[in-house]
Each structure stands twice: as structure tokens, then as C-alpha cells.
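S.K.: kindly return the folded structure for what I paste below:
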Amino acid sequence: MAASALGAWEPVKAPINGTIWDLDFVDANSGWAGADRAILRYQNGNWSISKEFPVNYGVGAISAYDDNCAWAAVSGWYLPTTMYYWDGSSWTAKDVIDDGFRALAICAKDEGWACSPTKVYHWDGSSWRAEGPESTGGGFHDLEFYSRNYGFLVGSHRVNYRYAGGNWYPIAVPDYESFLGVSVPAADEMWAAGTKYDPWMGPNLGKIGHYRGGSWKIYNLYEIKRFNAISMADNEFGWAVAMDQNWASNVIYRWEGTKWHRVVCPARCEIWDVETLSRDDAWACGSNGWFLRYRTGPAVTASSVGRIKAIFK
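M.R.: Numbering: from 1, shown residues only. Next up, the predicted model:
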């Protein structure tokens, strides 16, 4: 692998103070975030509030196809989920579903998928409906699509599926990993991150799995209790966010082709999601209204690099 450019993570304050749960970007200049009581919009270098909701409501999942098509799953305590649609100018409440969504993946204006803890939902251009595998143990956590024809669904206790050619197929997993996040850099390939209880080590340990061509490569991170999310630019570069064995959840790991390296986080916050736009640009989000941004090049200062100990070769 060629030497990586010098980069650094820096904190960016959001226009809210609550937790930011989910991220999705159309490109480097246009993105969305789902948060407590709000949908946030990123444009022209700034975050703003796109839509606000009452107290005790939050956006658990958000996904965009382009600047004129996005979906957000909004719910409150013990209430159904309302699916909100962005048409390029405003958010409109559409389907109401008696379930809690964990992830959304919008592949086209007439094609999208979502998962709750127990079901998979499909958007066909007219409505959201349950369609696909089910989990009686509440095991579904995340799904992502490379295109409308290829995608992956991951969950707890070996509950993992591959979508191809209009059908869902179960994927055998080497052990009882529980994957909480997934990234799909190619049609028949995924990276997944999560945890597994280890009877020999005692506590849970962090797990990252790379699935390609029907086989797995598993990476054990013993200092990590649980990975919350993962996002790959390609097979040579990506990011994962985690909680360590001391319950500190402001942990960032970087993949550079052969090994996962721990990078010190520049903000005291729980990190729940990460979105890798390229090898030079990434975002993460978490508690207390914090975003984190990774950049390389002229925007990176000597002081910021020294402060967070950026890994580079």
C-alpha cells in the first residue's frame, strides 16, 4: 500500500446538545445526521437543523440516495416509527410502522431497505412493508447495500444475511460474533464490527470480520469490549469506532491494509457512528452534540496532529 497522507481528527460542535446516532452522506459537501429531537443537514461546510421533533422523540436511522431523496426513521418512547421523506425541499411524514428501526439503506428513489431488531422492511417506491428474513431473538443491528442488487444484513449470535438477485441468503459465521455495524465496499464483500463473549478471557472482546468470496477473516481486538460501527473507503483504508474494556466509548480505530491501529479521540463523547467518504475525509458522531471530522492535507495543523496522535506511514 502507498504511504497514507498526514491526517487528523478534530471535534466539530453540532447545533444541538443531544446525542447524534446516525450519519449518511451523499458526497463530501452534502450529508445528514439523525439525532435526539432533530434531523441535521450538512451543506457548504456547516451543520444546521433541518427538522425538529418534540421531547422524547429521536431519529434512530437516516439514509439518503441524493439531495432530493432521503428517509429518516423517527420514533418516541413506546411509540410506532414514522418514516419521514425528504423531497429536496422539506420533510414529510409517510408510513407509520409499529416497530423500532435500527438502520436504513436507500439504494434508489424506488428501492430501499431497513431493519428493526426483529424484521427487515422494503421500500418499493410506494410503501414500506415487512419483507425478508426475521429474527426471533431481536438480533438485527445494521444493513448496507453496495447497489440495489447487492447488500448485507448483520446482527447478534450469527444472524447475518447476504442480499443478491432479489433474495436474502444466510451467511455462516465462524463463531458466535454479534456484529453491530457493517460496511460494503464491493458487491460481494463486507466488513462487519461488533463483539463476542469470550469464556477464556472473561469479558466481551471486540471483533471485526472481513467477508469475501464466501470466507471470513476475523480480527480480535482484546482491549475493546464492543465496536459500534465501521465504515471502509476500500479494503486498504477505513475506520471503526468502539467502546474499550474500561467502558470508555470514545475510541477510534484505523485500518491501513494489514492491521487495525488505535487513534486517540479528540473529544470526550460516546461515538455511535462513522462515515468514511474517502481516504482523506471521514465523519463520526456521538453524545453531547459532537461530530468528529477526519481530514488530510492543508486543513490539518501541526498542533492538531500532535494532540491526537494521528497514525500514518
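S.K.: for W168, what are its contacts?
M.R.: V120, G132, P133, L153, Y161, R162 (C-beta atoms under 8 Å, 6 or more residues apart in numbering). No exception for glycine: its C-beta is placed from N, CA and C like everyone else's.
S.K.: before we move on, what about A72?
M.R.: W32, G34, I39, V59, A61, I62, M83, Y84, W86, W91, L104.
S.K.: and it, how far from I62?
M.R.: 5 Å (C-beta to C-beta, to the nearest Å).
S.K.: on that earlier part again, list just the nearest of the contacts of W168 to V263.
M.R.: Comparing those against V263 with C-beta to C-beta places L153 closest, at 28.5 Å.
S.K.: that closest one contacts P133, correct?
M.R.: Yes. L153 lies in contact with P133 (C-beta atoms under 8 Å); the separation is 7.2 Å.
S.K.: common neighbours of the two, please.
M.R.: V120, Y161, W168.
S.K.: and of the contacts of W168, the nearest to F291?
M.R.: Lowest distance from F291 to those (C-beta to C-beta) belongs to L153, with 26.9 Å.
S.K.: can you count the residues close to the closest one?
M.R.: The number of residues packed near L153 is 30, by other C-beta atoms under 10 Å.
S.K.: do the one 3 residues further on as well
M.R.: One way to gauge burial is a neighbour count; for S156, by other C-beta under 10 Å, it gives 20.
S.K.: tell me where the model's unsure across the stretch 51-200 of the chain.
M.R.: 138, 197-200 (pLDDT under 70).
S.K.: please redo it, this time with the cut-off set to 80
M.R.: Flagging of the stretch 51-200 of the chain using pLDDT under 80 yields the residue ranges 136-138, 157-158, 176, 197-200.
S.K.: was I right about W123 contacting L104?
M.R.: No. W123 is beyond contact range of L104, at 9.0 Å (criterion: C-beta under 8 Å).
S.K.: what touches both of the two?
M.R.: W71, G112, W113, A114.
S.K.: considering these, which is situated nearest to A8?
M.R.: Using C-beta to C-beta, the shared contacts of W123 and L104 come closest to A8 at W71, 32.6 Å.
S.K.: OK, contacts around the closest one?
M.R.: Going by C-beta under 8 Å, 6+ apart, W71 touches I62, S63, A64, M83, Y84, Y85, W86, L104, I106, G112, A114, W123.
S.K.: nearest to K51 among the residues you listed?
M.R.: Among the contacts of W71, and counting by C-beta to C-beta, the member closest to K51 is Y84, at 7.4 Å.
S.K.: which helices and strands sit right next to the helix or strand where that closest one lies?
M.R.: Per DSSP states H and E: Y84 is located in strand 81-86. Helices and strands touching strand 81-86, by 3 or more C-beta pairs under 8 Å, 6 or more residues apart in numbering; DSSP states H and E, are strand 69-76, strand 91-97.
S.K.: before we move on, the earlier item: any chance of CSV for the contacts of A72, columns neighbour count?
M.R.: CSV is the format used below for those (neighbours: other C-beta atoms under 10 Å):
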residue, neighbour count
W32, 24
G34, 27
I39, 21
V59, 25
A61, 27
I62, 28
M83, 25
Y84, 21
W86, 22
W91, 16
L104, 27
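S.K.: show me where the stretch 101-250 of the chain has its helices.
M.R.: With helices called from DSSP state H, counting those that start in this stretch, the stretch 101-250 of the chain shows none.
S.K.: that's a strand at Y78, yeah?
M.R.: No. Under DSSP: H, G, I helix; E, B strand; the rest coil, Y78 falls outside any strand and is assigned coil.
S.K.: for S127, see how far away it is.
M.R.: From Y78 to S127 the distance is 24 Å (C-beta to C-beta).
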